[in-house]
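Chemist: Got a sequence here, can you model it:
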Amino acid sequence: MIDDKIEKSLENLRKQLERLSPAIDIVQRADETIEAVKEIPKLHQELIRITEKQQKLYYDELNSELELNAKNIYKDVNAFSKKNEEYKKNIDKLIITLEFQSKENKAFIKKINEIDFPTRLNSIEGHVSSISSGINNLQSVINNIKNEINKLDKEIIFNFNSLDKKIDGTHNSNRMMLFIVIALVVMLIILNIALK
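Modeler: Numbering: from 1, shown residues only. Down below sits the predicted model:
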């Protein structure tokens, strides 16, 4: 009889323990959740530190790239300016040459008026031919100079466009980083609210 009572008591105790087992599991999971929640501020601070570090690296890299591009543009502009000065000097020389040639032509025309045409026609044709050839040569040189100026102008425009594209690319990367940081902060806030 006492054995029956002990057996019943043990059976009753076993049933009570089985009923308490899910509650014990819930308490253990709650303790684990509390420990995980305690880590969120540390993780948040670490995320902020990493984000600030990456942002500083990004800004430093962007500044370095912009400085390098500015130096390259400065060199290109200086080179273009020097070439323009050379072309200007060449054009000035050509203008002086053309003015000199114009004076020569006027003197030549004066001499032609003094010469008897029928006797000197062959000689005059030779001079006219050489003058025409000189003018054609000068026109060819002027066209070459004009083409070189146009080519340099296109190169500078291309360099400025390349720089604009690089700057646009860096702005897009910066925006993407900002969106990622905002998304992480929103997720942490939602997780914090859900755990309360």
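
Chemist: Whichever strand or helix holds Ala70 - contacts with which helices or strands?
Modeler: Per DSSP states H and E, Ala70 falls inside helix 2-114. Applying 3 or more C-beta pairs under 8 Å, 6 or more residues apart in numbering; DSSP states H and E, one finds that helix 2-114 makes contact with helix 117-195. C-beta: built from backbone N, CA, C; applies to glycine.

Chemist: For the helix it packs on, name the packing helices and strands.
Modeler: helix 2-114.

Chemist: what about the helix it packs on, distance to the chain center?
Modeler: 11 Å (C-alpha atoms, centre = their mean, to the nearest Å).

Chemist: And Glu148, how far from Leu66?
Modeler: Applying C-beta to C-beta, to the nearest Å, the value for Glu148 to Leu66 is 30 Å.

Chemist: And for stretch 84-93, what's in contact with it?
Modeler: Here stretch 84-93 makes contact (C-beta atoms under 8 Å, 6 or more residues apart in numbering) with Val141, Ile142, Ile145, Glu148, Ile149, Leu152.

Chemist: Closest to Thr97 out of those residues?
Modeler: Checking the contacts of stretch 84-93 against Thr97 by C-beta to C-beta gives Val141 as the nearest, at 9.6 Å.

Chemist: which residues of the chain score low on pLDDT?
Modeler: For the chain, the stretches flagged by pLDDT under 70 are 1, 17, 115-121, 160, 163-175, 195-196.

Chemist: repeat that for 90
Modeler: 1-52, 54-55, 57-196 (pLDDT under 90).

Chemist: Now stretch 65-85: buried residues?
Modeler: For stretch 65-85, a neighbour-count test (16 or more other C-beta atoms under 10 Å) marks Phe80 as buried.

Chemist: Hmm, Leu152 is touching Lys82, no?
Modeler: No: using C-beta atoms under 8 Å, Leu152 makes no contact with Lys82, being 10.5 Å away.

Chemist: Any chance of JSON lines for the contacts of stretch 84-93, columns neighbour count and distance to Ile50?
Modeler: Listed next are these as JSON lines, based on neighbours: other C-beta atoms under 10 Å; distance: C-beta to C-beta, whole Å:
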{"residue": "Val141", "neighbour count": "15", "distance to Ile50": "63"}
{"residue": "Ile142", "neighbour count": "15", "distance to Ile50": "62"}
{"residue": "Ile145", "neighbour count": "16", "distance to Ile50": "57"}
{"residue": "Glu148", "neighbour count": "14", "distance to Ile50": "52"}
{"residue": "Ile149", "neighbour count": "16", "distance to Ile50": "52"}
{"residue": "Leu152", "neighbour count": "16", "distance to Ile50": "46"}
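
Chemist: Just name the closest of these to Ser102, please.
Modeler: For those, the nearest to Ser102 is Ile142 (15.1 Å; C-beta to C-beta).
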